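Trainee: Attaching a predicted model along with its sequence, questions to come.
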Number of protein chains: 2
Amino acid sequence: MKYSSETERKIVEAASTVFLEKGKTGARMQAIADRAGINKALLHYYFRSKDRLYQEVFERQVETFVGEMLRAFEGGGPFRAFLESFISNYIDAIARRPGLVRFIVWEISQGGNNFVKLLKMHLASKGFNSIPIPDIIRAAAERGEIRPTDPVQLMISLMGLCVYPFIAQPILENILPGLSVTDPQFLKQRKQAVLELVWDGVKP
Amino acid sequence: MKYSSETERKIVEAASTVFLEKGKTGARMQAIADRAGINKALLHYYFRSKDRLYQEVFERQVETFVGEMLRAFEGGGPFRAFLESFISNYIDAIARRPGLVRFIVWEISQGGNNFVKLLKMHLASKGFNSIPIPDIIRAAAERGEIRPTDPVQLMISLMGLCVYPFIAQPILENILPGLSVTDPQFLKQRKQAVLELVWDGVKP
DNA sequence: AAAAAATTTAACCAAACAGTCAAACTTTTT
DNA sequence: AAAAAGTTTGACTGTTTGGTTAAATTTTTT
């Protein structure tokens, strides 16, 4: 998680930017070197190959993102409180790294299963063996805090409502001139809209 | 929209598969030729370059998809009926081409604006100068059919609820074993869940 | 301050890749 | 049936790109 030298840090930072923007196949080692302000051979000195550099970048990105994402699951207490905390934390975690979710989705669809592997590892380290949202929903329904709902559908809805604006960012900002999905005002409105919509759909 | 020869058809079909799966930078001309069962030089005989072949494939894919997508906007009448028709048609259009939405989102984020250009062209040909959903929502609110809501937020929610399962398909099917987002039963459940959630959120 | 180790670079190399071309083959026109 | 036009192919070319190497430079150790 640390960097063994300043050069290494510059490389990973530059590689992150280029890989996230262009994808694994679209990224060029020369472009990464240029961005880091170093000679291309240094990339191979610190990280043997493009594959390994990519792996390093991918793991670091997923590491921090999954960490923040899981924190969004932690809110205990009444379901309404969990909802508020989850929506706010989840949207903030995504908005902090525009482009990362698009990148992850695309790379997974390319056949890599590193993300899911890392996600499951992180879940396990917190004592879960799967994403805990369906269980949280089931428990709340049993306690009568919300009306009975298909937990999987509700989880998909909840995540989709939070994530979609950022995945579709380039389209939305083009067809809705003036909109900026990372603008604090939009984030506030979005959180409010998601909370109201979901709560109206489950409140007793 | 037609094909001038059988070979051309085979090329576009093979190219569609490879480009959608690997993206523009990940696709290989040789892989397309192999899949079409022809010599690589034929690709250049029919379409001058990789760029042009890609453009052709992209336009054809977007053409049919946008066509079906816009049909989902056509439902008039009461808002509840529009909702039902939109959700069903939109989800069906996406489910018919798994992978296309992921591909479009990724390619747009690579800087291409062909999709938005084509979308606006199609909208214009139907007499719209933007996506009509916010106006439909506003009109319904004014008629008192639904309670007042932020039209842009609701549109984003509605589209996100429909599209997200397919964008996140590789993740969802991995973390929820047994789930298949193109399975007819899931599609039915999804439509029901989206309709209930959105309607509960807007009904007077 | 000399030797050793680590870092950085410019100049290469080899493989992968998009694109070309002349010749062979097929279909259409005369 | 001969000529012309259109189609298809195998072998080739030039470029891009990931990766290597030997030498130069800087840092650390003695």
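Mentor: Nice, I can see it. As the structure is a computational prediction, the values presented were derived from the model and not from experiment. Residues are numbered from 1 along each chain as shown, chains lettered A, B, ... in the order given.

Trainee: After the helix or strand of chain A with the lowest mean pLDDT, which helix or strand is next? Please name it.
Mentor: Every helix and strand of chain A was ranked by mean pLDDT, DSSP states H and E. The lowest is helix A:114-125, at a mean of 90. The helix or strand immediately downstream of helix A:114-125 is helix A:133-142, counting by DSSP states H and E.

Trainee: packing partners for the least confident helix or strand of chain A?
Mentor: helix A:50-71, helix A:100-109, helix B:169-175 (3 or more Cβ pairs under 8 Å, 6 or more residues apart in numbering or on different chains; DSSP states H and E). Using the backbone N, CA and C atoms, a C-beta is placed for each residue, glycine as well.

Trainee: Surely A:Glu68 is in contact with A:Ala95?
Mentor: No: counting by Cβ atoms under 8 Å, A:Glu68 sits too far from A:Ala95 to count as a contact (10.9 Å).

Trainee: Surely A:Phe89 touches A:Arg71?
Mentor: Careful, residue A:89 is Asn and not Phe. Yes: A:Asn89 is in contact with A:Arg71 according to Cβ under 8 Å; the separation is 6.0 Å.

Trainee: higher neighbour count, the two?
Mentor: Taking neighbours as other Cβ atoms under 10 Å in any protein chain shown, A:Asn89 and A:Arg71 compare with A:Asn89 leading, 20 against 15.

Trainee: Nearest residue to the more buried one in space, please, no chain neighbours.
Mentor: Excluding its sequence neighbours, the residue lying closest to A:Asn89 (Cβ to Cβ, 6 or more residues apart in numbering or on different chains) is A:Ala72, at 3.7 Å.

Trainee: surely that neighbour meets A:Ile94?
Mentor: No: the pair A:Ala72 / A:Ile94 is not scored as a contact, 9.9 Å apart, by Cβ under 8 Å.

Trainee: what about A:Phe73, how many neighbours?
Mentor: Going by other Cβ under 10 Å, the residues that sit close to A:Phe73 add up to 19.

Trainee: what sits against it?
Mentor: By Cβ atoms under 8 Å, 6 or more residues apart in numbering or on different chains, the contact list for A:Phe73 reads A:86, A:131-133, A:136.

Trainee: quick one: which helix or strand includes it?
Mentor: Applying DSSP H and E, one finds A:Phe73 in no helix or strand.

Trainee: for it, phi and psi?
Mentor: phi -80, psi -10 (degrees, to the nearest 10).

Trainee: quick one: it and B:Ser49, what's the gap?
Mentor: To B:Ser49, A:Phe73 is 48 Å away according to Cβ to Cβ, to the nearest Å.

Trainee: And A:Ala139, by the same measure?
Mentor: Taken as Cβ to Cβ, the span from A:Ala139 to B:Ser49 is 58 Å.

Trainee: Who has more neighbours out of these two?
Mentor: A:Ala139 (14 against 11).

Trainee: thinking again about what came up before, now, of the helices and strands packed on helix A:114-125, which is deepest in the fold?
Mentor: Ranked by mean neighbour count under mean count of other Cβ atoms under 10 Å in any protein chain shown, the helices and strands packed on helix A:114-125 are led by helix A:100-109, which reaches a mean of 21.

Trainee: That helix vs helix B:100-109, what angle?
Mentor: Angle, helix A:100-109 to helix B:100-109, by axes from the mean of the first three to the mean of the last three Cα atoms, to 10 degrees: 130 degrees.

Trainee: Kindly export helix A:100-109 (C-alpha atoms) in CSV.
Mentor: Extracted in CSV, the C-alpha atoms of helix A:100-109 (Å, rounded to 0.1, in the frame of the first residue of the first chain):
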residue,chain,number,x,y,z
LEU,A,100,-13.4,4.3,-11.8
VAL,A,101,-16.8,2.5,-11.9
ARG,A,102,-17.0,2.7,-15.7
PHE,A,103,-13.4,1.4,-15.8
ILE,A,104,-14.2,-1.5,-13.4
VAL,A,105,-17.3,-2.5,-15.2
TRP,A,106,-15.6,-2.5,-18.6
GLU,A,107,-12.6,-4.4,-17.4
ILE,A,108,-14.7,-7.1,-15.7
SER,A,109,-16.7,-7.5,-18.9
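
Trainee: Mind checking the pLDDT average for that helix?
Mentor: Computed over helix A:100-109, the mean pLDDT rounds to 94.
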